[in-house]
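Undergrad: below are the sequence and a predicted model; questions follow.
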Amino acid sequence: MKHIQLIEEWLNEKRPAGAPEWKDSDAPDAEGRFRDLGIKDLAAWLIKTRDGDLKKISGSLTQQVVFNRNEDPKYAEKMEKVRQEVYKQLGREDLMEKDSPYDAETLKKYKEEYEAGKEIPFGVKTSLIAQGMIPREGGLNKGEKVKSPEYK
């Protein structure tokens, strides 16, 4: 027979060395708002309920992304779009993702040069990777042509 641990025993259990202490959030329960609200409304709600504290907002969004990126990638992508909208609503353009400064024709030209083995500028190469036009050179998707998420 398995031993069933009482909640009191679990609460009084000694934490492993180096484990952080549990802290309850002072933010209200979302009650489904992360899924139900649109991007702009969710961004506004996060700003309001977290008093505009970007660290708290970002932590909430990062938690949603990390816990859902494998099971529900579209939801995780939505959270990244909400993050960009939060930056926009708070006037933090310095934190927003930027579109590629290169037009499509320029990128195609540099892609051909890259595929021919020629050296291309680092910024252009980064844009080609972000657009999914050339394979990534490292990370989770090394060797794959994976387009970065669009934040609009």
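TA: Okay, I see it. Numbering: from 1, shown residues only.
Undergrad: tell me the centre residue of the protein?
TA: Nearest to the geometric centre of the chain sits E80, at 4.5 Å (Cα atoms, centre = their mean).
Undergrad: look up how far F67 lies from that residue.
TA: Distance of E80 to F67, given as Cβ to Cβ, to the nearest Å: 14 Å. C-beta coordinates here come from the backbone N, C-alpha and C atoms, glycine included.
Undergrad: return the distance of the lowest-mean-pLDDT helix or strand in the chain from the chain's centre.
TA: The helix or strand of the chain with the poorest confidence is helix 7-12; it has a mean of 77 (mean pLDDT, DSSP states H and E). Distance of helix 7-12 from the chain centroid (Cα atoms, centre = their mean, to the nearest Å) equals 35 Å.
Undergrad: next one: stretch 54-71
TA: Here stretch 54-71 shows a centroid-to-chain-centroid distance of 7 Å under the convention Cα atoms, centre = their mean.
Undergrad: contact partners of it?
TA: Stretch 54-71 is contacted from outside by 27, 34, 46-47, 50, 75-76, 79-80, 82-83, 86, 90, 92, using Cβ atoms under 8 Å, 6 or more residues apart in numbering.
Undergrad: distance between stretch 117-131 and the chain's centre?
TA: Using Cα atoms, centre = their mean, the offset of stretch 117-131 from its chain centre is 23 Å.
Undergrad: likewise stretch 5-17?
TA: For stretch 5-17, the distance to the chain centre is 33 Å (Cα atoms, centre = their mean).
Undergrad: can you report how many residues lie near F67?
TA: Other residues lying near F67 total 13 when counted by other Cβ atoms under 10 Å.
Undergrad: that one sits in which helix or strand?
TA: Here F67 is covered by helix 54-68, with elements defined by DSSP states H and E.
Undergrad: and the next element down the chain from that helix?
TA: helix 73-89.
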